[in-house]
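**Student:** could you look at this predicted model? Sequence included:
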Amino acid sequence: MEFVDNREDIFPDLRVNIGSLEIANPVMTASGTFGYAREFENLMNLHRLGAVIVKGISLHPRPGNPPPRIVETACGMLNAIGLQNVGVDRFISEKMDYLAGLNIPVIVNILGDSLAEYREIAERLVGVPGIAGIEVNISCPNVKKGGVAFGTDPSMAAVVTKAVKEGADVPVMVKLSPNVSDITLVARAVEDGGADSISLINTLIGMAIDLKTRRPVLANVIGGLSGPAIKPVALRMVYQVASSVSIPVIGVGGIETTEDALEFLLAGASAIQIGTANFINPRVSEEIVEGISKYVVDENLPSIRSIIGGLSINDG
Amino acid sequence: MEFVDNREDIFPDLRVNIGSLEIANPVMTASGTFGYAREFENLMNLHRLGAVIVKGISLHPRPGNPPPRIVETACGMLNAIGLQNVGVDRFISEKMDYLAGLNIPVIVNILGDSLAEYREIAERLVGVPGIAGIEVNISCPNVKKGGVAFGTDPSMAAVVTKAVKEGADVPVMVKLSPNVSDITLVARAVEDGGADSISLINTLIGMAIDLKTRRPVLANVIGGLSGPAIKPVALRMVYQVASSVSIPVIGVGGIETTEDALEFLLAGASAIQIGTANFINPRVSEEIVEGISKYVVDENLPSIRSIIGGLSINDG
Amino acid sequence: MSQYQEKATVSRVEQLSAKNYRLTLDSPDISGAAKAGQFVMIRTGLAKDPLLRRPFSIHQTSANGQFQIYFKVVGRGTDMLARVKAGEIMSVFGPLGRGFRIKKNSPAIIIGGGLGIAPMLFLAKSICRLKTDCSNDHIILGGRERSEVEPLVNDFRQFGLRLGLATDDGSYGHQGYVTDLLKSLDLHPGYTVYACGPEPMMARVYSICKSGSMQCQVSVESVMACGMGACLGCSRMTKKGTYTHVCLNGPVFNAEELIWNS
Amino acid sequence: MSQYQEKATVSRVEQLSAKNYRLTLDSPDISGAAKAGQFVMIRTGLAKDPLLRRPFSIHQTSANGQFQIYFKVVGRGTDMLARVKAGEIMSVFGPLGRGFRIKKNSPAIIIGGGLGIAPMLFLAKSICRLKTDCSNDHIILGGRERSEVEPLVNDFRQFGLRLGLATDDGSYGHQGYVTDLLKSLDLHPGYTVYACGPEPMMARVYSICKSGSMQCQVSVESVMACGMGACLGCSRMTKKGTYTHVCLNGPVFNAEELIWNS
Ligand SMILES: Cc1cc2nc3c(=O)[nH]c(=O)nc-3n(C[C@H](O)[C@H](O)[C@H](O)COP(=O)(O)OP(=O)(O)OC[C@H]3O[C@@H](n4cnc5c(N)ncnc54)[C@H](O)[C@@H]3O)c2cc1C
Ligand SMILES: Cc1cc2nc3c(=O)[nH]c(=O)nc-3n(C[C@H](O)[C@H](O)[C@H](O)COP(=O)(O)OP(=O)(O)OC[C@H]3O[C@@H](n4cnc5c(N)ncnc54)[C@H](O)[C@@H]3O)c2cc1C
Ligand SMILES: Cc1cc2nc3c(=O)[nH]c(=O)nc-3n(C[C@H](O)[C@H](O)[C@H](O)COP(=O)(O)O)c2cc1C
Ligand SMILES: Cc1cc2nc3c(=O)[nH]c(=O)nc-3n(C[C@H](O)[C@H](O)[C@H](O)COP(=O)(O)O)c2cc1C
Ligand code: FES
Ligand code: FES
């Protein structure tokens, strides 16, 4: 057995660490854009993913917003899904078996209306097989209560983080809203609150108007802007936050290509999430894993980790 | 003389009021995207503009940032011009003669490093013929001192507004930064500070990375995102601010077409500014004036004013 | 359920009227798997704008690995699609959704209004193939004016089913609605009505079916981002008071499951 | 200073090598007003992405109202431009910038490296027209390999000026740099050198000119949003310590005005 050459297993070495969680490669699918993964099983090889983050789960089922819920904008889209989901109990009973069977890390995105709800969702997920982490959504613009205030007020963000940490038995990633004056304040607050990692950005709040009807296009009036349009904002915030905290940062916002993904790693992200791009090319996440792999080989990198935060800034 | 039919002069009626300032139509050119207007004299009919807003002027000349200063992004661009300008004195002596000769309202965009500077620029503009208003830039992301802090802190924004109002002899429009948690707080603060009107949005802060060199594309690292990509954010903020203050609001951000412009009016803007689109089609502002004119005729509107804030919201 | 993301070569572009086009695409996997009433999502350009794919019903498939879409230029995506040239390659994703559930033992009335005619050619073909004789089935095509209906009529004639035609302005066929023609038939509860067209048309069709106790399947539209259940964008309220998703549970629904305003 | 935004019809598309193309555009206003060294801004697509126009030197103009650009596919905009077909209409804006200042009484050495060859055809033509006899003038073209140079040589031959050719890999002409050929000439202070190419090439050309006390004009690039002085994006530091703008004060500068790193 000692003669088996294992280099093929670790070369190219794409593994990254999100705190105590080691994942096979830095590519995750973003919450709300990949269903419960099963939707993609015939379209790509799910086993190639670094991790799957599932649609946001609340304590009780939510019907979501009335239609229209989405509208395309320039190089982006607005969504006001309104966190339609089956609630944590049905999520565990109906969705987790399949997800656990995939043998890839599953991160559950959660959202509550109150501190107590956040903590309770985390508690219900305790001991459920297959869950590798929790992503706390404190930033969804599409629910009226709580959500927004939690994400824009650093001290509230810290308190929510603490509540989830107390309830959870897995690492906790907190997902930040970009709709704030100083993202580093919120980031440091959730770090102090005990977050194991930070993901950003959620969507920017936007609006679209139908000139013919003179009404907002979305029934919910406002929605969350995602897609390539927001990539410059996401990259800037990832860079700022990665420079401000010492926990791992996961970058998300407008990633469509391997190059996009690598730029986020250079900016300081330990991993990335792919959102809207899944709608355009359902195989995109696998293709980006392949692309990153090729990059590590072509550039002769010891591992993908060697470029994380590798951005050079000219002080000249 | 009483038999002269003047209806042609007022039909279609495109006039709008920005407080005490009446302009012939709601189309302005945005600061920093239209030079000092002269650059466009052979390309369009400058007299058709509702108003011209000139490149941001500071107390002393500024050289601006080293290149690269711009980079294209998805449906947008980042700029870090760094407020290159000739300073207020040379602006008055070298640029104002031409601008005053145009006989259209000229609004001077100003930026200072301190309260005293803001007020002093306003004072130097007192009595200069041809100036119809001042637009106060409290939101430029590209200068290190002052600028950003003024724009993101409501009380600072109010103080700057007051300082300029004390110095100025023309109406004062305050231009807000979108990089804030709650734009309505800043808007109400500048209204309380005495602003005659509010324009928004300035650029979102973003970043671009060159994968090959592993450096930020812009020498300044970060820059301001403009263009169609940001329109949904601008539209949402204009809607929110127009619903929160009683002074006129001027909408800017990603406007490229007549439809875009009309959507901002529906959202509550009394006028609009055209920025990045000038770079793509130097005649765009004139074409939008024509487009709005046609809309008023086709829709049989008594005046363009009748659609300002005319958005219907479904409460159903 | 097999879905494919295929690079399809455009083999033919037909302009059927001022704004209506038909594309033929070489796409063996999709055309092989497609069922009547299903749709595809097509990327209309190479760049990031327009960003999202656009949904189009499968108009018909052929045994040699091709399928067609029939569409109207209404905005930027369809405008780009109308400029496509034979030989170009497009990214096509499908077949998607649940198509029509063909009732083999029930006489069929197929109703297509405007662009709703698009999926009905595939349906008519499938019904006739399944039944071998469909001379007792009906098809009713309608539109605002001649150009919305006439160019497609020959394709429908080949199956030998009874054809009714209507236009709002009377420039072709009966002047009036497809529902006038529907009502003029000797309707009985055994019929299954399959309809696709503007919402008000489908609402009227459904109300006729309801009073006549006939089965009614409708193909509805919704704004879609993904077309395959990932975004939850394409919601539509059901009679049960819960949302259903047009891309997964539709686009073809039993009309009675949905809420109709009329 | 007349600038036009023209809807230009593409009358010819030539692929000169794997990645290099030449477009001929019907654009009477622009081609009528253009001077050698000026450029145009072209919108490469119909949609909002790519958003900005792209700058291209005017390669040559013709008396019948056409001009050409010669370009290389390096990114999304040029990729779209390479897919353009004859008959299509493009939005073109120009002529822009300050071109070469031709010194009528000074023998010329024209140096084009890589894509820097693009504006030099127009310049060579203009010099020969102005001087009627340009057999004492030189042109030196260089590139990395044969395909970057050869396809253009015939166009330059027509003027009867002395032609030197160089490629980095020796696959065509002299193996080495255009500056080797420049140095091999019998240089004297009376010459005016006109150069366009990669920055290091222009830096070397300028340093040769400086030591030889020759006039040197260079055409430089910069990222541009507007191409006409409105955005202040295209700044470049001058020896005076102030920024100049490539689109207004260039793209052709006296090399001594600029700072060269080498
Ligand atoms: C399942 C399904 C099948 C369809 N089949 C066909 C077909 O066979 N032939 C055909 O011509 N059209 C069909 N459509 C409609 C087609 O998808 C839209 O016309 C197209 O997406 C418009 O794209 P655009 O970029 O040209 O318009 P846009 O610029 O996006 O919008 C222009 C106008 O079209 C409306 N619109 C945009 N997207 C949709 C959409 N997904 N559904 C409905 N309205 C929309 C907008 O509200 C707007 O008023 C189908 C839609 C669905 C959901
Ligand atoms: C005055 C002037 C004249 C020019 N003339 C020619 C010409 O005759 N033929 C020709 O092939 N090219 C010319 N260029 C360069 C040409 O503008 C760029 O190659 C083109 O803009 C690239 O667009 P893209 O969308 O394909 O590339 P992008 O996708 O935008 O970028 C791809 C690569 O090209 C670089 N690039 C992008 N824009 C520019 C730019 N404006 N200047 C320099 N590098 C850029 C980027 O940094 C990147 O590395 C000229 C540039 C200027 C400023
Ligand atoms: C349709 C849709 C639904 C989303 N739902 C969620 C959600 O439930 N929870 C969450 O934290 N983020 C949600 N997001 C945000 C994405 O996870 C991601 O942060 C954002 O879209 C930016 O990334 P992108 O530009 O790659 O899409 C959703 C985004 C979209 C487009
Ligand atoms: C190149 C450039 C320079 C700008 N300079 C200024 C400026 O000096 N002062 C200012 O208030 N805004 C400035 N802006 C912001 C614009 O006026 C406008 O607010 C912003 O670009 C959004 O509008 P748009 O999307 O239509 O471009 C600048 C924008 C650009 C693109
Ligand atoms: S379109 Fe995405 S779920 Fe239906
Ligand atoms: S490119 Fe805009 S000023 Fe030169």
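**Tutor:** Sure, I can see it. Ligands and ions are numbered 1, 2, ... in the order given.
**Student:** now the helices for chain A?
**Tutor:** A:7-10, A:87-90, A:96-101, A:115-124, A:147-152, A:154-167, A:183-192, A:231-242, A:258-266, A:277-280, A:284-298 (DSSP state H).
**Student:** need these in a markdown table (columns: mean neighbour count, mean pLDDT and distance to C:G241).
**Tutor:** (C-beta placed from N, C-alpha, C; glycine too.) Formatted as a markdown table, those follow (neighbours: other CB atoms under 10 Å in any protein chain shown; pLDDT from 0 to 100; distance: least, CB to CB, whole Å):
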| stretch | mean neighbour count | mean pLDDT | distance to C:G241 |
| --- | --- | --- | --- |
| helix A:7-10 | 8 | 55 | 52 |
| helix A:87-90 | 16 | 96 | 16 |
| helix A:96-101 | 15 | 95 | 27 |
| helix A:115-124 | 20 | 94 | 24 |
| helix A:147-152 | 22 | 68 | 24 |
| helix A:154-167 | 21 | 94 | 31 |
| helix A:183-192 | 22 | 96 | 38 |
| helix A:231-242 | 28 | 98 | 37 |
| helix A:258-266 | 24 | 98 | 41 |
| helix A:277-280 | 24 | 98 | 27 |
| helix A:284-298 | 19 | 97 | 35 |
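**Student:** and the ones you listed: which comes nearest ligand 6?
**Tutor:** helix A:231-242 (19.3 Å; CB to the nearest ligand atom).
**Student:** just the angle for that closest one relative to helix B:231-242, thanks.
**Tutor:** 80 degrees (axes from the mean of the first three to the mean of the last three CA atoms, to 10 degrees).
**Student:** look up the closest residue to A:L59, ignoring the ones flanking it.
**Tutor:** A:E117 (4.8 Å; CB to CB, 6 or more residues apart in numbering or on different chains).
**Student:** mind checking how far stretch A:297-305 is from the chain centre?
**Tutor:** 24 Å (CA atoms, centre = their mean, to the nearest Å).
**Student:** which residues are contacting it?
**Tutor:** Under the criterion CB atoms under 8 Å, 6 or more residues apart in numbering or on different chains, residues A:11-17, A:25-26, A:265, A:292, A:295-296, A:307 lie in contact with stretch A:297-305.
**Student:** ok, which pair from those is furthest apart?
**Tutor:** Farthest-apart pair in those is A:N17 and A:Y295; separation 19.1 Å (CB to CB).
**Student:** related to what we said a few turns ago, let's have the helices of chain A in CSV, adding distance to ligand 2.
**Tutor:** Conversion of the helices of chain A to CSV gives the following (distance: least, CB to the nearest ligand atom, whole Å):
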stretch, distance to ligand 2
helix A:7-10, 33
helix A:87-90, 45
helix A:96-101, 39
helix A:115-124, 43
helix A:147-152, 34
helix A:154-167, 38
helix A:183-192, 28
helix A:231-242, 15
helix A:258-266, 11
helix A:277-280, 19
helix A:284-298, 17
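**Student:** just the closest residue of the stretch 1-150 of chain A to ligand 3, please.
**Tutor:** Counting by CB to the nearest ligand atom, the stretch 1-150 of chain A gets nearest to ligand 3 through A:G32 (1.9 Å).
**Student:** swap that for the stretch 201-316 of chain A, please
**Tutor:** A:G275 (2.4 Å).
**Student:** for the spatially closest residue to A:N65 that is not a sequence neighbour, the count of nearby residues, please.
**Tutor:** The shortest distance from A:N65 to any non-neighbouring residue, by CB to CB, 6+ apart, is to A:G82 (3.2 Å). Neighbours of A:G82 under the rule other CB atoms under 10 Å in any protein chain shown: 22.
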